[in-house]
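Asker: just coords:
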């Protein structure tokens, strides 16, 4: 699904995907996205007189942290180690995968459950673990369904925004989660509850991500609604958290700013149902929970982004609000972005994070009218339209082939030669009599085919001007 | 070594930045949600906000018993330290109450009664943590969870609650019963965590 190759002068991959998406899927995406946007505006407007100042504050806290990330990351590490957690660092995606595999092997783990983690999607952790003989089960309802379908999530927060109840019912029947076809959402949820409950108790480890990490206390914050992350840390003796290094915030007090923005931006809630604060293995009086906690801080290109002129994208707290509001995302859906990060955030992050594959993603920053809606809803005030422009500039400087572009060099030749220009103006009158199919460039043909143009009058003004001069 | 490589890249990048943004000082009051804080009694404010997220705030064991009987929930777990105050009364009314949680029989427990550590009035949040929760599984696995707190343990705002963290390694803010909207954006309550979330004043 993600391999769409297009030679130059053809349609960009993202546009091609948008053209081919089914009406049903597009309707699901539009309904889900617009509902998310409406809820966000309603709750922020109701709760705060000036929500924009809160967004700017959050953005400033993130900027400060990113500019001093070496200091804060070291502080977080020290706090976690003091509390008995093991801290690992992974520079590349390979490092991250191998580190996690080693940790699992050292504890003799053969089956685990995993709650939603964009960082884990980024490094394709599940297929790697499964290939190495470890049963790795997604426990978030949406991600569980994605895994059953061998699909990819199409939204940061709502992974199955592109599916409807009929799709899910068919999947459950096919995979044996249910014995009969039933597309009632309550029934679907109950079936998942019963099926996964057994797996939670059989699991030997739980893998999670983290939404934020406090440098002050080392506390990881996990924000969920379903309770699946709690189940990854109650019946199992090992907890592994995979965290991008940019998730650090300076102090526990700063959680107050981010938590008040995250829920509202993502789902219209003040707080999600479960907000967990974890900075060590279970306490000694507690019979349930992990005796071993491992935190893997991952780089995987984030230092390259920090070095670039698009470092503001690292402020992102993965709320999905930009996806919800983006007219391009709504038309194309998340899969069109060909990465686990879609929408406006993906259009900036994917070309940068997967830096050596920049040409492959160079169409994404172009798929935007720069309307700015993404920046208006961003809880950390990322200037996404500016970053898209900087990436377009990067593509030009690196001479990345650009699908769908009309070559401008012939125009350049005409415009710099007055005699050629004059000739072209007059001779082009012939175009009034020629059919569209003769237009030499496909995109131009397509463009002309949808328009009724007035007759060409090139050269008429010069003729008139010469006539006037002669008169006087 | 990965650690060295990550830190050396970080140090060279941050030290080369022309401008390094200072920390923006701010008053925690900017994150308070004024409409949610209307009222003067913290338990009343909490109850209102907890109810708004489908939580049930109760003030007596009788209320809890009535709910359990009406729900048809007859078998559950109770923290041993709460047995005298709560568990024994349920037993007297004919319910089966265990003070041990046997994970081999996780489906037997229709309710779990554990000690909470506080509540947040502003967001309608019950706070539970490792120190006070007798069994993590008892607070998570049964369909009904009852978190028991004292009136004095209710704090007003999210920043107030953060200030009470102390050194507990595992703190969970519970803002209503578990839910999902993954299926067509339709809200369903009761997913993997409890489908009924009760806060009981003791």
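Answerer: Everything's here; your move. Note that the coordinates shown come from a computational prediction; the quantities given were computed from them, not determined experimentally. Numbers count the residues shown, from 1 in each chain, chains lettered A, B, ... in the order given.

Asker: who's in contact with residue B:11?
Answerer: For residue B:11, the contact set (C-beta atoms under 8 Å, 6 or more residues apart in numbering or on different chains) comprises residue A:70. Quick note: C-beta positions are derived from backbone N, CA and C, even for glycine.

Asker: scratch that, residue A:206 is what I was asking about
Answerer: A:112-115, A:229, A:231-233, A:236, A:238-240, A:290.

Asker: That one and residue B:116, how far apart?
Answerer: Taking C-beta to C-beta, to the nearest Å as the measure, residue A:206 falls 23 Å from residue B:116.

Asker: Equivalent analysis for residue A:141, please.
Answerer: As defined by C-beta to C-beta, residue A:141 lies at a distance of 26 Å from residue B:116.

Asker: Which residue lies nearest the spatial centre of chain B?
Answerer: The residue lying closest to the centre of chain B (C-alpha atoms, centre = their mean) is residue B:174, at 2.8 Å.

Asker: Do I have it right that that one meets residue B:128?
Answerer: Yes. Counting by C-beta atoms under 8 Å, residue B:174 does reach residue B:128; the two are 6.2 Å apart.

Asker: Quickly list what's touching both of these two.
Answerer: With C-beta under 8 Å, 6+ apart, residue B:174 and residue B:128 have common neighbours residue B:147.

Asker: What is the longest helix of chain B by residue count?
Answerer: Once chain B is assigned using DSSP state H, the helix that runs over the most residues is helix B:2-15.

Asker: Pull out the buried residues from the following helix or strand past it.
Answerer: Sequence order places helix B:42-52 as the next helix or strand after helix B:2-15, per DSSP states H and E. Neighbour-count burial for helix B:42-52, counted by 16 or more other C-beta atoms under 10 Å in any protein chain shown, picks out B:42-43, B:45-47, B:49-50.

Asker: Low-confidence ranges, the chain, go.
Answerer: This is for chain A. By pLDDT under 70, the low-scoring segments of chain A are A:1-10, A:403-406, A:436-441, A:443, A:470-472.

Asker: Regarding it, what is its longest helix?
Answerer: Using DSSP H, we find that the single longest helix of chain A is helix A:23-47.

Asker: Now do that helix: distance to the chain's middle.
Answerer: 17 Å (C-alpha atoms, centre = their mean, to the nearest Å).

Asker: quick one: contacts of that helix?
Answerer: With contact meaning C-beta under 8 Å, 6+ apart, helix A:23-47 is reached by A:51, A:154-155, A:157-158, A:161-164, A:264-270, A:320-321, A:323-326, A:329-331, A:333-334, A:377, B:33-36, B:184-185.

Asker: Now list the buried members of the residues you listed.
Answerer: Taking 16+ other C-beta under 10 Å as the criterion, what is buried in the contacts of helix A:23-47 is A:51, A:154-155, A:157-158, A:161-164, A:264-270, A:320-321, A:323-326, A:329-331, A:333-334, A:377, B:33, B:36, B:184-185.

Asker: ok so, going back, redo the buried residues of helix B:42-52 as CSV? Include pLDDT and distance to chain A.
Answerer: Formatted as CSV, those follow (pLDDT from 0 to 100; distance: C-beta to the nearest C-beta, whole Å):
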residue, pLDDT, distance to chain A
B:42, 98, 17
B:43, 98, 19
B:45, 98, 13
B:46, 98, 13
B:47, 98, 16
B:49, 98, 8
B:50, 98, 12
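
Asker: could you dump the residues you listed to a markdown table with distance to residue B:12?
Answerer: Below are these laid out as a markdown table (distance: C-beta to C-beta, whole Å):
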| residue | distance to residue B:12 |
| --- | --- |
| B:42 | 50 |
| B:43 | 54 |
| B:45 | 50 |
| B:46 | 49 |
| B:47 | 54 |
| B:49 | 48 |
| B:50 | 50 |
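
Asker: can you give me the strands in chain B?
Answerer: All strands of chain B, identified by DSSP state E, fall at B:56-58, B:75-78, B:96-98, B:111-115, B:118-120, B:125-129, B:144-149, B:154-155, B:170-174, B:179-180, B:188-189, B:196-201.

Asker: Same list, these, but as TSV with mean pLDDT and distance to residue A:189 please.
Answerer: Shown next, in TSV, are the strands of chain B (pLDDT from 0 to 100; distance: least, C-beta to C-beta, whole Å):
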stretch	mean pLDDT	distance to residue A:189
strand B:56-58	98	20
strand B:75-78	98	22
strand B:96-98	98	28
strand B:111-115	98	20
strand B:118-120	98	27
strand B:125-129	98	22
strand B:144-149	98	17
strand B:154-155	98	31
strand B:170-174	98	19
strand B:179-180	94	6
strand B:188-189	94	5
strand B:196-201	98	15
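
Asker: now those strands as JSON lines including distance to residue A:249?
Answerer: Converted to JSON lines, these look like this (distance: least, C-beta to C-beta, whole Å):
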{"stretch": "strand B:56-58", "distance to residue A:249": "31"}
{"stretch": "strand B:75-78", "distance to residue A:249": "37"}
{"stretch": "strand B:96-98", "distance to residue A:249": "42"}
{"stretch": "strand B:111-115", "distance to residue A:249": "30"}
{"stretch": "strand B:118-120", "distance to residue A:249": "19"}
{"stretch": "strand B:125-129", "distance to residue A:249": "20"}
{"stretch": "strand B:144-149", "distance to residue A:249": "28"}
{"stretch": "strand B:154-155", "distance to residue A:249": "21"}
{"stretch": "strand B:170-174", "distance to residue A:249": "16"}
{"stretch": "strand B:179-180", "distance to residue A:249": "26"}
{"stretch": "strand B:188-189", "distance to residue A:249": "31"}
{"stretch": "strand B:196-201", "distance to residue A:249": "28"}
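
Asker: quick one: the strands in the stretch 51-200 of chain A?
Answerer: Applying DSSP state E, counting those that start in this stretch to the stretch 51-200 of chain A gives strands spanning A:86-90, A:111-114, A:135-138.
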